[in-house]
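Chemist: Pasting the sequence and the predicted coordinates here, then a few questions.
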Amino acid sequence: MVRALGLTGAVALIVGNMVGTSIYTLPASLAQTAGPSSILAWLITALGYLFIALVYARLGPLYPRTGGPYHYAREAFGDYAGFLSTWAYWFSATVGNAAIALGVVGYLEGLLPEGFGGGWRTFALAQLCLWTLTLVNIVGVRESARLQIVLMFANVIPLLGITALAAGSFERANLEPFAPQGFASIPAACALIVWAYSGIESASVPAEEVQDAERTIRRSTMIGYAVGTVVFLATAIVTAGVVPNAELAVSERPLALMAERGVGDWAGTWIAWAAAIAGLATLNGWILMAGRIPVGAAQDGLFFARLGRVHPRLGTPVTGLLVGSGVASLALLLALHESLLDAFNSIVALAVLTTLLPHLFAAAAQLHLARVQPGRIPPEQRRRAAVVALLAFAAVLFFMYGCGPEIALWGFLVIFAGTPIYVWLRTPGSGSRIL
């Protein structure tokens with residue numbers, strides 16, 4: 001693979017994957033779930049993801065291979081753990097891309113003439129966005145990174161600027177009652193916020209395409225976390241203070257509503273454009289991720305063999321990119337049929353839980369590897385790693401708890417449903433028969 005992803009590109013990948021469609025829609029869901037106390041949920045989730053970010057900032061440089069979390073799980077706990085980490089992560093990325101594509105289209109349709117969207121038009125526009133960005137990623141990581149950098153600045157700067165202007169209309173009365181659903185709603189709100197923080201590990205996944213991987217992965221992970229957290233907390237606090245919770249809970253465009261109330265109608269239009277750009281950045285970044293998540297496992301015989309192949313000239317996993325977007329395309333078919341839309345939304349909800357499993361394995365792997373591979377990690381770092389890993393592990397368990405028993409049950413059924421595939425792939429010659 002070509003090492004074409006520098007520090008700026010790696011930061012843009014992380015920020016683009018985090019500050020995407022979720023931040024533009026989450027305030028409404030959080031208002032319904034926890035009211036203004038969702039600000040506390042943002043703070044708790046940010047603290048938990050600080051330790052998760054520290055885990056990836058340490059493990060990524062130690063094991064700089066494409067596939068990221070897979071290698072940590074396999075190195076610490078063996079083939080089956082590596083497979084489960086890859087299976088859950090790949091499921092989350094590919095199915096999640098369908099939801100991101102629909103989110104992009106939703107924002108774009110709001111900017112297009114009335115009556116444009118709906119039915120096949122929505123489906124076709126979502127497919128166009130998905131496959132155009134897939135082609136960009138096939139051409140090379142350098143081209144994808146350049147696009148990601150442009151989209152990051154076009155998203156983050158207007159969003160922070162308008163949020164700062166709207167802060168002048170902050171009213172404390174809008175924060176009362178602070179916890180209308182009670183503080184027991186905080187775990188569920190944190191679980192919703194997990195979707196916003198998905199992507200903190202992004203720099204570790206295309207590790208073999210990262211320039212000066214050991215330094216770049218560590219620095220970009222922490223910079224990306226910091227930028228994303230500043231955006232999340234600023235918008236969450238200002239939105240809750242500018243828009244009454246009752247209005248926020250029923251809004252389809254909560255950040256645009258905040259901008260209109262706090263600044264003016266023109267600001268709402270700017271936010272709509274920023275939301276569309278953010279969606280494109282997130283889709284571009286997660287297409288890149290979906291193509292690279294299975295590479296390491298496939299090359300080690302623990303996933304479908306062809307997904308591990310890298311094009312000799314382009315230096316990209318072409319088959320992995322095509323298959324990942326193909327799965328997303330199939331998921332988009334569900335959105336065509338209204339009666340299947342609820343089922344589609346449930347599958348997307350599962351993506352939240354399945355994206356947490358690789359974090360759980362990564363935290364446990366850091367704790368284990370610090371003990372069994374002392375030659376790789378100096379003594380003072382081993383002690384620090386033990387504390388950070390335990391806190392990250394506890395945070396992931398808390399977020400899984402917040403998903404609720406139904407989603408947790410279905411999520412683990414999806415995860416362990418991959419076991420027959422693992423058994424089949426471990427049969428000599430099986431991995432090359434399909435894909």
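Modeler: On my side now, so go ahead. Residues are numbered from 1 along each chain as shown.

Chemist: Tell me, how many residues neighbour Pro374?
Modeler: Residues near Pro374, counting by other Cβ atoms under 10 Å, number 11. Every C-beta, even on glycine, is put in place using the N, C-alpha and C of the backbone.

Chemist: go on, Gln127?
Modeler: The burial count for Gln127: 17, using other Cβ under 10 Å.

Chemist: Also the one 10 residues further on?
Modeler: Asn137 has 27 neighbours, counted by other Cβ under 10 Å.

Chemist: Please identify the helix or strand for it.
Modeler: Element membership for Asn137, per DSSP states H and E: helix 119-139.

Chemist: Beyond that helix, next helix or strand please.
Modeler: helix 141-166.

Chemist: Check which helices and strands that next one sits against.
Modeler: Using 3 or more Cβ pairs under 8 Å, 6 or more residues apart in numbering; DSSP states H and E, the elements in contact with helix 141-166 are helix 7-18, helix 119-139, helix 213-242, helix 254-262, helix 265-292.

Chemist: The second one to helix 265-292, inter-axis angle?
Modeler: Helix 119-139 and helix 265-292 meet at an angle of 60 degrees, taking axes from the mean of the first three to the mean of the last three Cα atoms, to 10 degrees as the criterion.

Chemist: Keeping just the C-alphas, turn helix 119-139 into PDB.
Modeler: C-alpha atoms of helix 119-139 as PDB (Å, rounded to 0.1, in the frame of the first residue of the first chain):
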ATOM      1  CA  GLY A 119     -39.200   6.900  -3.400                       C
ATOM      2  CA  TRP A 120     -36.800   6.100  -6.300                       C
ATOM      3  CA  ARG A 121     -35.400   9.600  -6.500                       C
ATOM      4  CA  THR A 122     -34.100   9.400  -2.900                       C
ATOM      5  CA  PHE A 123     -32.800   5.900  -3.500                       C
ATOM      6  CA  ALA A 124     -31.000   6.900  -6.700                       C
ATOM      7  CA  LEU A 125     -29.400  10.000  -5.100                       C
ATOM      8  CA  ALA A 126     -28.200   7.900  -2.100                       C
ATOM      9  CA  GLN A 127     -26.700   5.400  -4.500                       C
ATOM     10  CA  LEU A 128     -25.100   8.200  -6.500                       C
ATOM     11  CA  CYS A 129     -23.400   9.600  -3.400                       C
ATOM     12  CA  LEU A 130     -22.300   6.100  -2.200                       C
ATOM     13  CA  TRP A 131     -20.800   5.000  -5.500                       C
ATOM     14  CA  THR A 132     -19.200   8.300  -6.500                       C
ATOM     15  CA  LEU A 133     -17.300   8.400  -3.200                       C
ATOM     16  CA  THR A 134     -16.500   4.700  -3.600                       C
ATOM     17  CA  LEU A 135     -14.800   5.500  -6.900                       C
ATOM     18  CA  VAL A 136     -12.800   8.300  -5.300                       C
ATOM     19  CA  ASN A 137     -11.600   5.800  -2.700                       C
ATOM     20  CA  ILE A 138     -10.700   3.200  -5.300                       C
ATOM     21  CA  VAL A 139      -8.500   5.700  -7.200                       C
END
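
Chemist: Which helix in this protein has the most residues?
Modeler: As assigned by DSSP state H, the longest helix anywhere in the chain is helix 79-111.

Chemist: by how many degrees do that one and helix 7-18 diverge?
Modeler: 80 degrees.

Chemist: Which parts of helix 79-111 count as buried, going by neighbours?
Modeler: Across helix 79-111, burial judged by 16 or more other Cβ atoms under 10 Å covers 79, 81-110.

Chemist: mean confidence score for the helix holding Asn137?
Modeler: Per-residue pLDDT over helix 119-139 has a mean of 86.

Chemist: what's it packed up against?
Modeler: helix 79-111, helix 141-166, helix 265-292, helix 318-334.

Chemist: How about residues contacting the shortest one?
Modeler: Right, helix 318-334. Applying Cβ atoms under 8 Å, 6 or more residues apart in numbering, the contact partners of helix 318-334 are 90, 93-95, 97-99, 101-102, 123, 126-127, 130-131, 134, 137-138, 287, 290-292, 294-295, 298, 304, 306-309, 311, 340-341, 343-344, 347, 435.

Chemist: do that again at 7 Å, thanks
Modeler: Helix 318-334 is contacted from outside by 93-95, 97-98, 101, 123, 126-127, 130-131, 134, 137-138, 287, 290-292, 294-295, 306-307, 309, 311, 340, 343-344, 347, 435, using Cβ atoms under 7 Å, 6 or more residues apart in numbering.

Chemist: cool, stretch 83-92 as well?
Modeler: By Cβ under 7 Å, 6+ apart, the surrounding residues in contact with stretch 83-92 are 69-70, 73, 290, 293-294, 297, 302-303, 351, 354-355, 357-358, 361, 414-415, 418, 422.

Chemist: can you tell me which of those are in helices?
Modeler: Using DSSP H, the contacts of stretch 83-92 in helices are 69-70, 73, 290, 297, 351, 354, 357-358, 361, 414-415, 422.
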